[in-house]
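K.L.:
Could you look at this predicted model? Sequence included:
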Amino acid sequence: MREQLVAAAERGRPLLLSGATVLALDPVQPDLPRGDVLVVGEKIEAIGLDLAEAAESLGALRLEMAGKIVLPGFVDTHRHCWQNQFRRYMSDNTIEEYMVNAHDVLAPAYLPEDVYAGCLLSAWGAIDSGVTCVLDFMHNARTLEHSEAAIDGFEDVGIRAVHGAGPPAKGEWDERWLENVELLREQRLRSDDGLITLRLAPFGYPDIEQPDKTLSPELLALARRLGIGVVVDAVLGPNAGKLVAALGAADLLGPDVTLIHCTEVGDVAWDAIAASETAVALCPTSDSQLGIHDAVPPLQQALDRGLLPGLSVDVECSLSTDFFAQMQAILTIQRMLSFRAAAAGEGEADPVAVREVLRMATVGGARCNGLADRVGTLAPGKQADLIAIGAEDVNTMPLNNAAATVVLGADSRNVQLTMIAGKPLKWEQELIGCDLEALRELVVGSRDRLLERAGRGLDVTG
């Protein structure tokens, strides 16, 4: 079937995903305990109980999906893809140690080809774990060529990606960040209709005392002039909260802005976020494991205001590649805090439901990445960015609750199908189009050269 599927995709043949449990997560399209999804070209043509006749009339290839859950692909709202030659290299780091190791030591050693290798690896890792769209917060764009290398990596894989064009945090660079963003918009990512889109990516942490790199009215105006969204990393602490509140008071926030982390920014900032419908991307494992401010992802502040945030992996050099880990972490942390507050008589926050966490990973992520009109739910007319989770595997069977099976029972090995814009990139646990040996050689070679340039060693048992 793999060969048939690859051949069908190459010819643009329609595909019928037949007999699956369908979690559409859509306000109009209902979920189906057992149903079909018909894909024609890049889009979903129809979802229904039995589409065999329609599929046959189109000459569709039928994929038997009984025992599988079909749902929207996960949408990662914030990942630093350039770093990932160094997966788990900094696993015990605090945030302060991470900043030194990643940005003072390693980042300046990167050539464009190293950025390419990191992004290529990141894209395949994302697809393997069911992520069909990733926002790459590219904060090692030392030259225009570094940015273009990141985009090349995503295009060569075929993942849907948002290039968050940001400035380096430390070290020497060409200091042409904003000129390069304009060039990318004019020459490389002129349209928002393709798989790769562009966003301006400043920081939201005034304490770094680099005003030219920090979110401001001027940067918001530039992005809006270019017709691109804004994604802001390191929105951390009281001073970041004051910045967000001031921008809100000036009516400068909005749905075209996504704020990442939002840890300890305070109620005034949160009220400004909610009033302006600004999107929020949370980082469940990086906040907690790296010790970022109070180390608690602020999901409750979002829920209290009726906001649905997105989720993100953040830094694979310290954390898990697996997107399932983000869902499990945010669920566990919020429920723990909810129960603890109730026991202490300090609050009445409801424990978050499993399905709501799944919506964060899909619907919320699509909104954060500015793509809610295209992805995040399954419905006719939307892009066919979808995944299938095996529900009869040893760690997922029997199927008793589809959303809980995805969030709590599954991991990357259960992703049977990953499809982006109608193109299958994973089938029956194997990546399609990925030469693993060549990828391994590229990534390891890049890592070793970077360590040599940076004057660092590698102790895999240390």
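P.N.:
Perfect, I can see it now.

K.L.:
Please name the residues that touch residue 300.
P.N.:
Taking CB atoms under 8 Å, 6 or more residues apart in numbering, we find residue 300 in contact with 334, 337, 338, 349. Where you see a C-beta, it was placed from the backbone N, CA and C, and this is true even at glycine.

K.L.:
can I get these in JSON lines with neighbour count, distance to residue 86 and pLDDT?
P.N.:
Shown next, in JSON lines, are the contacts of residue 300 (neighbours: other CB atoms under 10 Å; distance: CB to CB, whole Å; pLDDT from 0 to 100):
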{"residue": "334", "neighbour count": "23", "distance to residue 86": "30", "pLDDT": "97"}
{"residue": "337", "neighbour count": "17", "distance to residue 86": "32", "pLDDT": "95"}
{"residue": "338", "neighbour count": "19", "distance to residue 86": "35", "pLDDT": "94"}
{"residue": "349", "neighbour count": "17", "distance to residue 86": "37", "pLDDT": "81"}
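
K.L.:
Present the residues you listed as JSON lines; the columns should include secondary structure.
P.N.:
Listed next are those as JSON lines, based on DSSP: H, G, I helix; E, B strand; the rest coil:
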{"residue": "334", "secondary structure": "helix"}
{"residue": "337", "secondary structure": "helix"}
{"residue": "338", "secondary structure": "helix"}
{"residue": "349", "secondary structure": "coil"}
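
K.L.:
and the chain, what are its domains?
P.N.:
Listed domain ranges for the chain are 2-72+377-431, 74-368 (source: automatic domain parsing).

K.L.:
between the ones you listed, which gets nearest to residue 462?
P.N.:
domain 74-368 (10.3 Å; CB to CB).

K.L.:
quick one: terminal-to-terminal distance for the closest one?
P.N.:
12 Å (CA to CA, to the nearest Å).

K.L.:
and what of stretch 341-361?
P.N.:
So stretch 341-361: terminal residues 25 Å apart, CA to CA.

K.L.:
Mind listing what's buried along that stretch?
P.N.:
Judged by neighbour count using 16 or more other CB atoms under 10 Å, the buried positions of stretch 341-361 are 349, 352, 354, 355, 356, 357, 358, 359, 360, 361.

K.L.:
Filter these down to just the ones in helices.
P.N.:
In helices, defined here by DSSP state H, the members of those are 354, 355, 356, 357, 358, 359.

K.L.:
how much space is there between the last one and residue 310?
P.N.:
If I follow you right, that is residue 359. Here the distance between residue 359 and residue 310 works out to 10 Å (CB to CB, to the nearest Å).

K.L.:
and what of the fourth one?
P.N.:
In this structure, residue 357 lies at 11 Å from residue 310, with CB to CB as the measure.

K.L.:
swap in the second one?
P.N.:
Between residue 355 and residue 310 the computed distance is 16 Å (CB to CB).

K.L.:
just residue 270 next, same as before
P.N.:
Distance of residue 270 to residue 310, computed by CB to CB: 16 Å.

K.L.:
which of these two has more neighbours?
P.N.:
Counting neighbours by other CB atoms under 10 Å for residue 270 and for residue 310 shows that residue 310 has the greater number, 29 against 22.

K.L.:
shouldn't the more buried one be in contact with residue 297?
P.N.:
No: between residue 310 and residue 297 there is no contact under CB atoms under 8 Å: 11.6 Å.

K.L.:
Pull up the overlap in contacts between those two.
P.N.:
Common contacts of residue 310 and residue 297 (CB under 8 Å, 6+ apart): residue 282.

K.L.:
What's the local residue count around the closest residue to residue 329 other than its chain neighbours?
P.N.:
Distance criterion CB to CB, 6 or more residues apart in numbering; nearest residue to residue 329, sequence neighbours excluded, is residue 284 at 3.8 Å. Residue neighbour count, defined by other CB under 10 Å, stands at 27 for residue 284.

K.L.:
wait, residue 284 sits on residue 295?
P.N.:
No: taking CB under 8 Å as the definition, residue 284 is not a contact partner of residue 295, at 10.8 Å.

K.L.:
List the buried residues for stretch 62-73?
P.N.:
62, 63, 65, 67, 68, 69, 70, 71, 72, 73.

K.L.:
and which of those residues is nearest to residue 33?
P.N.:
residue 69 (10.5 Å).

K.L.:
Let me know the average pLDDT across stretch 360-378.
P.N.:
Averaging pLDDT along stretch 360-378 yields 98.

K.L.:
Regarding it, how distant is the last residue from the first?
P.N.:
15 Å.

K.L.:
Any buried residues in that stretch, and which?
P.N.:
So, applying 16+ other CB under 10 Å, buried residues of stretch 360-378: 360-372, 374-378.

K.L.:
cool, and stretch 105-122?
P.N.:
In stretch 105-122, counting by 16+ other CB under 10 Å, buried: 105-122.

K.L.:
got it, and stretch 9-28?
P.N.:
By 16+ other CB under 10 Å, the buried positions in stretch 9-28 come out as 9, 13-26.

K.L.:
Mind exporting the C-alpha coordinates of that stretch to CSV?
P.N.:
Taking Å, rounded to 0.1, in the frame of the first residue of the first chain, the C-alpha atoms of stretch 9-28 are listed here in CSV:
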residue,chain,number,x,y,z
ALA,A,9,0.2,11.3,-4.3
GLU,A,10,2.6,11.9,-7.2
ARG,A,11,-0.3,11.7,-9.7
GLY,A,12,-2.7,13.8,-7.6
ARG,A,13,-5.1,11.0,-7.3
PRO,A,14,-7.9,11.5,-4.7
LEU,A,15,-7.7,9.6,-1.4
LEU,A,16,-10.5,8.1,0.6
LEU,A,17,-9.7,7.5,4.3
SER,A,18,-12.3,4.9,5.1
GLY,A,19,-13.9,3.7,8.3
ALA,A,20,-12.0,5.9,10.8
THR,A,21,-13.1,7.5,14.0
VAL,A,22,-13.1,11.1,12.9
LEU,A,23,-12.4,13.9,15.4
ALA,A,24,-13.1,17.0,13.2
LEU,A,25,-12.9,19.4,16.1
ASP,A,26,-14.9,21.8,14.0
PRO,A,27,-17.8,24.0,15.0
VAL,A,28,-19.9,22.8,12.0
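
K.L.:
Angles on the backbone of residue 115, please.
P.N.:
phi -60, psi -40 (degrees, to the nearest 10).

K.L.:
For it, give its distance to residue 278.
P.N.:
For residue 115, the distance to residue 278 - CB to CB - is 29 Å.

K.L.:
Same check on residue 438?
P.N.:
42 Å.

K.L.:
and what of residue 264?
P.N.:
Taken as CB to CB, the span from residue 264 to residue 278 is 17 Å.

K.L.:
higher neighbour count, these two?
P.N.:
A direct count of neighbours by other CB under 10 Å for residue 264 and residue 278 places residue 278 higher, at 25 against 20.

K.L.:
So that one sits against residue 252, correct?
P.N.:
No: using CB under 8 Å, residue 278 is not in contact with residue 252; the gap is 10.0 Å.

K.L.:
what's the model's confidence in the strand or helix carrying residue 220, averaged?
P.N.:
Assigned by DSSP states H and E, residue 220 belongs to helix 217-226. The pLDDT scores in helix 217-226 average 98.

K.L.:
By mean pLDDT, which helix or strand of the protein comes out lowest?
P.N.:
helix 2-11 (a mean of 84; mean pLDDT, DSSP states H and E).
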